[in-house]
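Visitor: this one's structure only:
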């Protein structure tokens, strides 16, 4: 069965510093991978997605993620964070024969001034 | 930019009462979904809906739950007899097809007293 593991429940980082949010998944078939962001009191917004092709995908707000099939990872990175990046970030996976998206527990990004 | 909308933003109800949560998906989307997020937990899939019928549902989606697309624009989730443990944020989502990203609404916070 597919599952998503986000190892860090919270990540504090100083403004303008780089950040990496880790995500590992398990699945026996090919998958589509997503990162969603949830700003305080708002819904889920798609940051980026991997469907096929290049393993390095770029998203909105300067974020990027790299799909690593051998390590079953899809870590999210940003070279320089801003206070406005304060939010909860969810990694998600969808098997190519399934309707549903499976979410990780989320990582709360806390930007320190 | 088109977006998924949900009403109400917050619903308070007494245990045992029926509630209907409403969603307006993006107009050219064909697949519709409900997810829920209990406070402090991960986002969980409830049900997917395509071509006027349920295409997939989770074990959470028992006989107390039902979905309907009563007209060409609305997509509803009904909980027949609410329980305390139904208290959660309920997200509606829609997608063009069943392998691309799903677009999420802002959510309805359901509080069962």
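Guide: Sure thing, it's come through. None of the values given here were measured: they were computed from a predicted structure.
Visitor: what residues are up against residue 77?
Guide: All of this is about chain A. Counting by C-beta atoms under 8 Å, 6 or more residues apart in numbering or on different chains, residue A:77 touches A:18, A:19, A:20, A:21, A:63, A:64, A:65, A:66. Every C-beta, even on glycine, is put in place using the N, C-alpha and C of the backbone.
Visitor: looking at chain B here, not the other one
Guide: Residue B:77 sits in contact with B:20, B:21, B:23, B:34, B:46, B:47, B:65, B:66, B:67, B:90, B:92, where contact means C-beta under 8 Å, 6+ apart.
Visitor: how does it look with 7 Å?
Guide: Counting by C-beta atoms under 7 Å, 6 or more residues apart in numbering or on different chains, residue B:77 touches B:21, B:34, B:65, B:67, B:90.
Visitor: now, the most widely separated pair of those?
Guide: Distances among those were taken as C-beta to C-beta; the most separated pair is B:67 and B:90, at 11.4 Å.
Visitor: what sits in contact with each of those two?
Guide: Joint contacts of residue B:67 and residue B:90 (C-beta under 7 Å, 6+ apart) are B:34, B:77.
Visitor: re earlier: now distance to chain A and secondary structure too, for the contacts of residue B:77, in a markdown table please.
Guide: Below are the contacts of residue B:77 laid out as a markdown table (distance: C-beta to the nearest C-beta, whole Å; DSSP: H, G, I helix; E, B strand; the rest coil):
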| residue | distance to chain A | secondary structure |
| --- | --- | --- |
| B:21 | 14 | strand |
| B:34 | 10 | strand |
| B:65 | 15 | strand |
| B:67 | 13 | strand |
| B:90 | 11 | strand |
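Visitor: residue B:102 contacts residue B:32, correct?
Guide: No: with contacts defined as C-beta atoms under 7 Å, residue B:102 does not count as touching residue B:32, sitting 9.3 Å away.
Visitor: the two: which is more packed in?
Guide: residue B:102 (27 against 23; other C-beta atoms under 10 Å in any protein chain shown).
Visitor: residue contacts, the closest residue to the more buried one other than its chain neighbours?
Guide: In space, not counting the residues next to it along the chain, residue B:102 is nearest to residue B:93; the distance is 4.1 Å by C-beta to C-beta, 6 or more residues apart in numbering or on different chains. Counting by C-beta under 7 Å, 6+ apart, residue B:93 makes contact with B:4, B:33, B:35, B:102, B:103, B:104, B:105.
Visitor: ok, the last one touching residue B:91?
Guide: Yes: in this structure, residue B:105 is within contact of residue B:91 by C-beta under 7 Å, at 6.0 Å.
Visitor: between those two, which contacts overlap?
Guide: Residues touching both residue B:105 and residue B:91 (C-beta under 7 Å, 6+ apart) are residue A:43.
Visitor: how many other residues sit next to the closest residue to residue A:56 other than its chain neighbours?
Guide: With sequence-adjacent residues excluded and distances taken as C-beta to C-beta, 6+ apart, residue A:56 is closest to residue A:66, at 5.1 Å. Here the number of neighbours of residue A:66 (other C-beta under 10 Å) works out to 15.
Visitor: got any ranges where chain A has weak pLDDT?
Guide: A:1 (pLDDT under 70).
Visitor: one more time with 80
Guide: For chain A, the stretches with pLDDT under 80 are A:1-2, A:28, A:41, A:96-97.
Visitor: all strands for it, in order.
Guide: A:3-5, A:10-14, A:19-21, A:24-26, A:31-38, A:44-50, A:56-58, A:64-68, A:73-78, A:87-95, A:102-103, A:107-112 (DSSP state E).
Visitor: circling back: what is the residue nearest to residue A:56 paired to in the beta sheet?
Guide: On the basis of DSSP bridges, residue A:66 is bridged to residue A:56, residue A:75.
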